[in-house]
Each structure stands twice: as structure tokens, then as C-alpha cells.
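>>> Let me see the structure of the following:
(one chain, ligands or ions: 2)
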Amino acid sequence: MEKKVNISAFSNNNLTAEKNRKFFYDNGIFTTNIIGSPGCGKTSILEYMASHFKEKFAVIVGDVKTALDSNRIIKAGHKYAYPIETGGGCHISPKQINEKVEVLDKNIDYLFIENVGNLVCPSSFDLGERFKIAVLSIPEGDEKVKKYPALFLNSQAVIINKVDLLKYMDYDIEQVKIDCKIHNPKVRIFETSIKTGEGFEDFFNYLREQRKYY
Ligand SMILES: Nc1nc2c(ncn2[C@@H]2O[C@H](COP(=O)(O)OP(=O)(O)OP(=O)(O)O)[C@@H](O)[C@H]2O)c(=O)[nH]1
Ligand SMILES: [Mg+2]
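Numbers count the residues shown, from 1 in each chain. Ligands and ions are numbered 1, 2, ... in the order given. Coordinates of the predicted model:
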């Protein structure tokens, strides 16, 4: 009798994520999956890195529509920025990353994937990355960690961006840091601002440190 093997979409995704992970590992590419709400500053952080993070890296940027963000990163002076249009999808899939891997310059040490702006869906998809990095920002309000726990359970680092706006907002940053640590006691937290540049040297050193253990 013919046996049927059912491979769910979920396990297909996992297989593709493992393929991506092997590719990154074999080529020494330390890959992070950057996740946060629309407008929290993911592209701004990558634009800042284009001129300040002096390492060999590429960026893949996912958006529902347009290549506006990857164009911003190229305009900021970085030549390796690749767009993914999800066409309605609320997250990047491992297959979409796998397709980009084909054209990726392998002579890089880091790959940063900006996921679609969303605190829910991207957190449950493994793309083959080494780390997930969650991005929060001050104007979003200080209850996001409590309300969207999955992302913070799965992220090794959290960037709290737009700290230049703290003086204008009622945002309890100490409570947010406690909330992050409840979900992951080992999480590293960085307080950054694109306007002042604060927090980025620590973040860059953290990336370099982590790559050493890769
Ligand atoms: N004051 C302040 N504004 C910032 C900072 N970082 C980003 N912004 C502003 O926040 C807005 C949104 O930033 P983006 O970088 O486009 O946000 P994003 O997370 O990439 O958004 P999506 O790709 O739509 O999910 C822009 O107007 C930025 O100039 C910051 O540190 N401080
Ligand atoms: Mg963006």
C-alpha cells in the first residue's frame, strides 16, 4: 500500500530555516532578525549603521509593499540592501530569505534582516537567524512587552529606541527593562537614539562579541 507522507507548511518552513542557518554558519555570516512595530525605527537604525558600523554586512528589508526602506539604506551609503515585498504577508518567510541568499555577496560577516513592522507574526517564524532582536520605541508606550510577550521570550536582545523623546513622554523605562528580563533573564538591553547616537557603540560591541562565539 502506498504510504503518504504529510509535510506541513510549518515543517517546510523549519526545513528551509535550517538550510538558511547552515548557509549562514558555513559562510561565517552572523545573522539577526530585527522585529518591532511599524515606525519604531528599524530602518533608521540600519541607516545609522550604514555610516557607523564599520564591518562587512548586508541588509534584507521586508515590507508588505515597496522597496522604500532598502532604498533608504542604499541612499545612506550602504550598497548591500535587498528588498523583500511580502505582498500582504505580515512577516518574512524562510523561503523568501532563501531566495535572497542565492544573490547575497558571501564576503560579509553580518546580515541584518529587517522584518515587516509587526510585534506578533514575525516572532513565531524562524528564518535561520542566530538571534532575534526586538526593537521598542518610546512613543509606542511602555506596555508593549507585557502585551506582546512572544517576541520578548524569543529575543536575545532588545533595543529601546528614541530615548531622546523620554523627556516628552510618560514612559517608565525601568519597568520596561524589568518586563523584558521577566521573559528572558539573559536579555541584553540597549537604549538608543538616532538623533544623538547614544547606545550604538555598546550595541556594535555586543554584535562583535556575539560573532566571536559563533
Ligand atoms: N526622535 C527620534 N525619531 C526617530 C528615531 N529613530 C527613528 N525615528 C523616526 O521614526 C520614524 C520611523 O522610523 P523608521 O526607521 O522608518 O521605522 P521602521 O521601524 O523602519 O518602520 P516600518 O519599516 O514601517 O516598520 C522616522 O520618522 C524616523 O526619523 C530616534 O531615535 N529618535
Ligand atoms: Mg522600516
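>>> What residues does the protein have near ligand 1?
36, 38-44, 69, 117, 161-162, 164-165, 193-195 (CB under 6 Å from any ligand atom). The way it works is simple: take the backbone N, C-alpha and C, and place the C-beta from them, glycine included.
>>> cutoff 8 Å now
Those residues of the chain that sit near ligand 1, judged by CB under 8 Å from any ligand atom, are 36-47, 61, 63, 69, 72, 114, 116-118, 135, 137-138, 161-165, 192-196.
>>> Show me which residues of the chain sit near ligand 2.
When proximity is defined by CB under 5 Å from the ion, the chain lies next to ligand 2 at 42, 43, 69.
>>> which ones are touching the second one?
Okay, so that is residue 43. With contact taken as CB atoms under 8 Å, 6 or more residues apart in numbering, residue 43 is in contact with 61, 69, 72, 73, 114.
>>> just checking, it is part of a helix?
Yes. Under DSSP: H, G, I helix; E, B strand; the rest coil, residue 43 falls within a helix.
>>> Which stretches in the chain count as helices?
Taking DSSP state H as the criterion, the chain carries its helices at 9-26, 42-52, 68-75, 94-101, 144-147, 149-154, 173-183, 200-212.
>>> Just name the most buried of those.
helix 42-52 (a mean of 20; mean count of other CB atoms under 10 Å).
>>> Quick check: the gap between the nearest residue to residue 146 once chain neighbours are set aside and residue 120.
Taking CB to CB, 6 or more residues apart in numbering as the measure, residue 146 lies nearest to residue 179, with 5.6 Å between them; neighbours along the chain are not counted. When CB to CB, to the nearest Å is the yardstick, residue 179 and residue 120 sit 17 Å from each other.
>>> Just the endpoints, please. Distance across stretch 77-95?
Between the opening and closing residues of stretch 77-95 lies a distance of 28 Å (CA to CA, to the nearest Å).
>>> Need the residue closest to the centroid of this protein.
The geometric centre of the chain, computed from its C-alpha atoms, lies nearest to residue 34 (CA atoms, centre = their mean), at 0.9 Å.
>>> Might you list the low-confidence residue ranges for this structure?
Low-confidence segments of the chain, defined by pLDDT under 70, are located at 1-10.
>>> In this protein, what residue lies closest to ligand 1?
Closest residue of the chain to ligand 1, CB to the nearest ligand atom: residue 117 (2.4 Å).
>>> what about that residue, how many residues close to it?
When neighbours are counted by other CB atoms under 10 Å, residue 117 registers 20.
>>> Hmm, residue 61 and it touching each other?
No. Counting by CB atoms under 8 Å, residue 61 is not a contact partner of residue 117; they are 10.7 Å apart.
>>> got the contacts of residue 43 as JSON lines, with distance to residue 146 columns?
As requested, the contacts of residue 43 are arranged in JSON lines below (distance: CB to CB, whole Å):
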{"residue": "61", "distance to residue 146": "28"}
{"residue": "69", "distance to residue 146": "28"}
{"residue": "72", "distance to residue 146": "31"}
{"residue": "73", "distance to residue 146": "32"}
{"residue": "114", "distance to residue 146": "24"}
